[in-house]
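Asker: below is the sequence, then the predicted model.
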Amino acid sequence: MPDELDALFGADVLAPPSGFAQRITALARMTPQGDAPSRRRLSWQFASLATGAGFGALLLAQFVLFAFVAAAAQ
Amino acid sequence: MDRDVGASETFNRDAAGEAAAGEAAVRQTARGDHHAFGRIVEAHQRRIFAYLGRMGIDRATAEDIAQDTFLRVWRNAGQFNPKRGNLTTWILTIARNLASTRLSRPERRDEGLGPEAADEVVSDLPLPDAELLAAQRRMRLHRALGRLLPADRALLAASYFDDLDVADIARIEGCSAGAAKVRLHRARVRLRQILENDDA
């Protein structure tokens, strides 16, 4: 027996209006793509991350050096 | 049997070819190729409208959502990752998220029948029996769908695409295949109950 839901869903109730694809393509011509700003933002993020990591490593090295000198002095 | 195997291999080859063509079109779109983007819209517009229609969304809203969906594809083509699913699944996921957001707005929660479907039913012009029956069926389904959660509507709509398997549907819904099966079963039971209550 055919399922009632299958029968209800069976028919596609909506079809795209004529010229929809052309309209969207025309809109796309006026719409900037998201890649360029996102890449710029990513490189900026990478730069600050690298700077932060560099300072962190420097601090850690200072701490290790200080501990080494303190241990040697004792 | 051999013919079935042959037909299945042909289908797999066609599907693989279609997926490869889709991926190539997205790569070209990511480089700003409008013609490639136009091909993507042409290839997927029917599916997106059918999907939104099956969610019980009216024509005007579906057009808005479909437009936003394709413009997102245009803007974010560079982010498409074929390892996470094919192009169809990616586009349907975008449409699903936009539709769910739209349907979750308080003023749209009661949405059921699209305005043009209501016009079809209450029009003064006499409709042929078959058309009238189809319009009444649509109205009944839309009214019932309006009482389901947006996520359940999306799940049911996706389940009526022959070329989407449970894994694809789960990817669109952002859950496991097992969870998608259970949710789909529950949504069908809930919808059937609503339809039966409407009839009573």
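Answerer: Everything's here; your move.

Asker: please make it C-alpha for all contacts and neighbour counts, starting now.
Answerer: Noted.

Asker: quick one: contacts for A:Phe66?
Answerer: Listed by Cα atoms under 8 Å, 6 or more residues apart in numbering or on different chains, A:Phe66 has no contact partners.

Asker: how far away is it from A:Ala73?
Answerer: If you measure A:Phe66 against A:Ala73 using Cα to Cα, to the nearest Å, the figure is 10 Å.

Asker: ditto for A:Asp6
Answerer: Taken as Cα to Cα, the span from A:Asp6 to A:Ala73 is 84 Å.

Asker: how about the residues of chain A by chain B?
Answerer: A:5, A:8-10, A:12-16, A:21-22, A:24-25, A:27-29, A:31-35 (Cα under 8 Å from any Cα of the partner chain).

Asker: rerun that using 10 Å as the cut-off
Answerer: Contact residues, chain A versus chain B (Cα under 10 Å from any Cα of the partner chain): A:4-17, A:19-29, A:31-36, A:38.

Asker: which among those end up buried?
Answerer: A:8-9, A:12-16, A:20-21, A:24-25, A:28, A:33-35 (16 or more other Cα atoms under 10 Å in any protein chain shown).

Asker: so which of those residues belong to helices?
Answerer: Mapping those onto helices (DSSP state H) picks out A:8-9, A:20-21, A:24-25, A:28, A:35.

Asker: the closest residue to B:Arg190 other than its chain neighbours is in what secondary structure piece?
Answerer: The shortest distance from B:Arg190 to any non-neighbouring residue, by Cα to Cα, 6 or more residues apart in numbering or on different chains, is to B:Leu148 (7.8 Å). Here B:Leu148 sits in a region with no helix or strand, counting by DSSP states H and E.

Asker: now for A:Leu59, how many residues are close by?
Answerer: A:Leu59 sits with 12 neighbouring residues when counted by other Cα atoms under 10 Å in any protein chain shown.

Asker: what sits against it?
Answerer: A:53, A:65 (Cα atoms under 10 Å, 6 or more residues apart in numbering or on different chains).

Asker: unless I'm mixing things up, B:Ala20 is touching B:Asn86, no?
Answerer: Yes - counting by Cα atoms under 10 Å, B:Ala20 does reach B:Asn86; the two are 9.1 Å apart.
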